[in-house]
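1. Structure for the following, please:
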Amino acid sequence: MIPKLSKVLSQTRHSFRERDFAICCSECAEERNLARCMTRSSGEVRTYRCPECGHLLVTVGHSSARQIANDDSRAEAWLSIHPDSDLFVQLHGSRLTIPPVQVGRIFGEPLL
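-> As a prediction, this is how the structure comes out:
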């Protein structure tokens, strides 16, 4: 099962919560907090959808380019995050931006 976005980005010294993330819905043109979004995991992919219009906002899953040369970590440990637009992260009073990336398909995307 694919974990929630907050768990994917959490570190030993800082644990994120879903409410720490926001994204603008390109359909509604409104900023949505991920804690309020509809989320679903199909086993291979976790999706976040706008609570108002159902537009797909963020996809989390295993990247198609899972293994990196000379890397001894398990391939299933690599997860990829694909926001539809800028994803905002609130961290200690600062607001950081994770821009959308169109490379590195996620396994299960054709099922969406």
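
2. how about the spatially closest residue to residue 15 that is not a sequence neighbour, secondary structure?
-> Spatial nearest neighbour of residue 15, excluding adjacent residues (Cβ to Cβ, 6 or more residues apart in numbering): residue 6 at 7.8 Å. Any C-beta I mention is one placed from the backbone N, CA and C, and that applies to glycine too. Using DSSP: H, G, I helix; E, B strand; the rest coil, the three-state assignment for residue 6 comes out as helix.

3. Could you point out which residue ranges in the protein have low pLDDT?
-> For the chain, the stretches flagged by pLDDT under 70 are 64-77, 102-112.

4. any chance you could map the helices in it?
-> 5-9 (DSSP state H).

5. What distance do you get for residue 42 to residue 1?
-> Residue 42 sits 9 Å away from residue 1, going by Cβ to Cβ, to the nearest Å.

6. what about those two, which has more around it?
-> Neighbours around residue 42 and residue 1, counted as other Cβ atoms under 10 Å, are more numerous at residue 42. The numbers are 13 against 7.

7. Please report how far that one lies from residue 7.
-> Using Cβ to Cβ, one obtains 17 Å as the distance from residue 42 to residue 7.
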